[in-house]
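Student: what follows is a predicted structure for the sequence shown.
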Amino acid sequence: MKHSPGRYAVLAAIVALVVAGWLVMAGRHTPPEGADLSRSKASANGIYEVTIEPEAEPVEQGPLHTWLARVKLPDGTPVVNAQIGVDGGMPAHGHGLPTAPKASHVGDGVYRIEGMRFNMGGLWELRLSLNGPTGEDEVVFNIQL
Amino acid sequence: MSSTSNSSRRCIGRAAAQVALASLAAWLLAACDPSALSREEIEVAKSLTLSALPPVPPDPTNRVADEPRAAAFGATLFFDPALSINGEVSCGTCHKIDRQFQDDLPRGHAIGITPRRTMPLAGVAYNSWQFWDGRRDSLWAQAITPLEDIREHGGNRLFHVRLIAERYRERYESLFGPLPDLAGLPDHAGPLGTLAEKAAWRAIPPDRQEAINTAFANIGKAMAAFERTLLPAETRFDRHVTALASGKEPAGDAAFSELESEGLKLFIGSAGCTNCHNGPLLTDGQFHNTGVPADPANPEDRGRAGAVRQVISDPFNCLGPYSDGSEADCDELEFMVPAGEALERAFKTPSLRGVADRAPFMHAGQILTLEDAVDHYNRAPDAPSGQSEIQPLDLTDRGRAALVAFLKTLGP
């Protein structure tokens, strides 16, 4: 049986679309399989719930910038007097942060993390150690640049 | 009627099939051409071009930073060998104006031989940290450091301020106000000089010391105003990527050979060069241990690890009394990593603009050719101390040649 040119056109178009789509996706900077990019998490032992966001989007590679961390207890009470230590780095490259950021409470359980810098593209880790009234805990965020 | 309509439908169908197959072929060709850049790769490449370079950042710690008269005065000082103890060394002795403001030597030759490679100056005002190890946090604080280094200009604080008073009083005072009264003070005195110079410095009352320090800082501020005008020039790479980004075929010298294009693709891709050599100056301005071999002449050079204390204790740093800014302008110092293994033998990423014309490479010229530099990153040897951040690349001979060819496009 002879196929009509119309069928060839449809077939070729579908193949072209699939290949084009694959090529576009293949070039994209995708985070490694399974990297949890959630900006809202419970700390490792569930003592705190922490939400982070950059003060300004998008996060640019290079300049110093600020993040905000909102710290709550699981019942939703803001944690206003925690000591927050900031650490992190790029696990895939085996190096830490290029700066030593500092966190300070600005009110209502919101902490400003100043002095952040991501000097290269890729997957970064931001580790916050939390020491508040209900104990010490840690939370680790992944940030894709 | 219906047969006409059928045949025209067949025609349209055939044409559509041909267009689809042609575009498929184009995609496949692009996918198979090892040197073709995807749209996303072109975007990444564009972030490395001069079109992505923002204006020179302001320097609130230097009130004359953008004052043209200060830049002109700074240029005069930069090239004046009188600002050295033997009258033979100016900044321009090592920072040669016709050689990208560097000297082609493994280590600078002034009064003596310096421990490190002379850095080129194009775009230097974009750096948060100066010197290979970032031991100064502003261009003006950097500029005065060699003046008192016995291996460089070999002068001392009072000598330099006295020289300004004798040679440049009017130009200085029109910018900065009256020079301090030096009457009754010795010819030579400074906190970093010989034992005699240090003793002479200690004998000067603190308020007069401060006035001398202020004038000394102002010498640096004028030089910094000049150095802020030294900007990177457009390269073949910029022209190539600008054409690609605007959808044009790069023409003339903007056209890349296949090897150069492959090198560009590797540079922004699997070779990982843009991990550190990113942004329009092709540097992140930060400090990295990349396992560069120790310099036999200075094997204990710990790079950034040895510099942190120096920048903290530098009286001319951002937080010091000679800065024209406020504490709020000192974020870099405030959030600096103060210690840790990551600083061990970490050196500032140099810009790669003009790199092919600037052998030897690394902080003490340890690597003589571009080929050897690429080979170093391909092999990723262990660091003499501390931990190298780089991993072996497993490049083919062709890949290494491509990277070298690409690096050569980063010049005029």
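Tutor: Perfect, I can see it now.
Student: now do the helices in chain A.
Tutor: Remark: helices assigned in chain A by DSSP state H are A:5-27.
Student: isn't there a helix covering B:Ala36?
Tutor: No - read with DSSP: H, G, I helix; E, B strand; the rest coil, B:Ala36 is coil and lies in no helix.
Student: so it touches B:Glu262, yeah?
Tutor: No - counting by C-beta atoms under 8 Å, B:Ala36 stays clear of B:Glu262, with 9.8 Å between them. Every C-beta, even on glycine, is put in place using the N, C-alpha and C of the backbone.
Student: which one of these two is surrounded by more residues?
Tutor: Taking neighbours as other C-beta atoms under 10 Å in any protein chain shown, B:Ala36 and B:Glu262 compare with B:Glu262 leading, 22 against 14.
Student: excluding chain neighbours, what is closest to the more buried one?
Tutor: B:Ala402 (3.9 Å; C-beta to C-beta, 6 or more residues apart in numbering or on different chains).
Student: just the strands in the stretch 251-400 of chain B please.
Tutor: Ranges of strands in the stretch 251-400 of chain B, per DSSP state E, counting those that start in this stretch, are B:287-288, B:347-348.
Student: show me the shaky parts of chain A.
Tutor: Across chain A, the ranges flagged by pLDDT under 70 are A:1-33.
Student: buried stuff in stretch B:368-375?
Tutor: The neighbour-count criterion (16 or more other C-beta atoms under 10 Å in any protein chain shown) identifies B:Leu370, B:Ala373, B:Val374, B:Asp375 as the buried residues of stretch B:368-375.
Student: these two touch, right, the last one and B:Arg400?
Tutor: Yes - taking C-beta under 8 Å as the contact criterion, B:Asp375 and B:Arg400 are neighbours in contact, 6.6 Å apart.
Student: by proximity to chain B, which residue of chain A wins?
Tutor: Nearest residue of chain A to chain B, counting by C-beta to the nearest C-beta: A:Gly115, 2.7 Å away.
Student: rewinding a little: state the mean pLDDT of the helix or strand where the residue nearest to B:Glu262 lies.
Tutor: Here B:Ala402 is covered by helix B:397-407, with elements defined by DSSP states H and E. Mean pLDDT, helix B:397-407: 98.
Student: the residue of chain A closest to chain B contacts A:Ser104, doesn't it?
Tutor: No - using C-beta under 8 Å, A:Gly115 makes no contact with A:Ser104, being 10.8 Å away.
Student: these two - which one has more neighbours?
Tutor: A:Gly115 (22 against 9).
Student: which ones are touching the more buried one?
Tutor: Contacts for A:Gly115 (C-beta atoms under 8 Å, 6 or more residues apart in numbering or on different chains) come out as A:Leu64, A:Thr66, A:Thr99, A:Ala100, A:Pro101, A:Lys102, B:Asp331, B:Glu334, B:Phe335.
Student: list the contacts of the third one.
Tutor: By that I understand A:Thr99. So A:Thr99 contacts A:Leu64, A:Gly115, A:Met116, A:Arg117, B:Phe335, B:Met336, B:Val337 (C-beta under 8 Å, 6+ apart).
Student: among those residues, which one sits closest to B:Phe78?
Tutor: Of all the contacts of A:Thr99, B:Met336 has the smallest distance to B:Phe78: 27.9 Å, by C-beta to C-beta.
Student: who's the closest one bridged to?
Tutor: Per DSSP bridges, the residues bridged to B:Met336 are A:Thr99.
Student: for A:Pro78, same thing?
Tutor: A:Lys72.
Student: for chain A, which of the strands of the stretch 251-400 of chain B is the nearest?
Tutor: By C-beta to the nearest C-beta (comparing all of the strands of the stretch 251-400 of chain B), the closest turns out to be strand B:287-288, at 7.7 Å.
Student: contacting residues for the nearest residue to B:Ala65 once chain neighbours are set aside?
Tutor: Among residues not flanking B:Ala65 along the chain, B:Asp59 sits closest, at 4.2 Å (C-beta to C-beta, 6+ apart). B:Asp59 sits next to B:Ala65, B:Ala125, B:Ser138, B:Leu139, B:Trp140, B:Ala224, B:Arg228 when contact means C-beta under 8 Å, 6+ apart.
Student: which SSE is B:Asp59 in?
Tutor: B:Asp59 belongs to no helix or strand, assigned by DSSP H and E.
Student: please report phi then psi for B:Lys46.
Tutor: Note on B:Lys46: its backbone torsions stand at phi -60, psi -30 [degrees, to the nearest 10].
Student: wait, it sits on B:Asp238?
Tutor: No - using C-beta under 8 Å, B:Lys46 is not in contact with B:Asp238; the gap is 9.7 Å.
Student: and these two? Which one has more around it.
Tutor: More neighbours surround B:Asp238 than the other of B:Lys46 and B:Asp238, with 24 against 17 (other C-beta under 10 Å).
Student: look up how far B:Lys265 lies from that one.
Tutor: 17 Å (C-beta to C-beta, to the nearest Å).
Student: ditto for B:Asn127
Tutor: Relative to B:Lys265, and taking C-beta to C-beta, B:Asn127 is found at 28 Å.
Student: again with B:Pro55
Tutor: Remark: distance between B:Pro55 and B:Lys265 (C-beta to C-beta) = 30 Å.
Student: quick one: the helices in the stretch 151-300 of chain B?
Tutor: Using DSSP state H, counting those that start in this stretch, the helices of the stretch 151-300 of chain B run over B:157-167, B:169-176, B:195-202, B:206-227, B:236-245, B:258-268.
Student: in the longest one, which residues are buried?
Tutor: It refers to helix B:206-227. B:209, B:211-227.
Student: can you give me the mean pLDDT across it?
Tutor: For helix B:206-227, mean pLDDT is 98.
Student: with stretch B:141-149 instead?
Tutor: On average, stretch B:141-149 scores 98.
Student: domain-wise, how is chain A divided?
Tutor: Chain A breaks down by automatic domain parsing into domains covering A:1-30, A:40-144.
Student: quick one: which of the ones you listed is nearest B:Glu258?
Tutor: The closest of the domains of chain A to B:Glu258 is domain A:1-30. By C-beta to C-beta, the value is 19.4 Å.
Student: and the contacts of A:Gly115, which two are furthest apart?
Tutor: Taking C-beta to C-beta as the measure, the contacts of A:Gly115 reach their widest spread between A:Thr66 and A:Ala100, a distance of 14.2 Å.
Student: residue contacts, the residue in chain B that chain A sits nearest to?
Tutor: Closest approach between chain B and chain A, counting by C-beta to the nearest C-beta: B:Phe335, at 2.7 Å. When contacts are counted by C-beta under 8 Å, 6+ apart, B:Phe335 touches A:Leu64, A:Thr99, A:Ala100, A:Pro101, A:Lys102, A:Glu114, A:Gly115, A:Arg117.
Student: what sits against B:Gly411?
Tutor: By C-beta under 8 Å, 6+ apart, B:Gly411 lies in contact with B:Thr235, B:Arg236, B:Arg353, B:Gly354, B:Val355, B:Ala356, B:Asp357.
Student: most neighbours among the residues you listed, which one?
Tutor: Neighbour-wise, the contacts of B:Gly411 (other C-beta under 10 Å) top out at B:Arg353, 25 neighbours.
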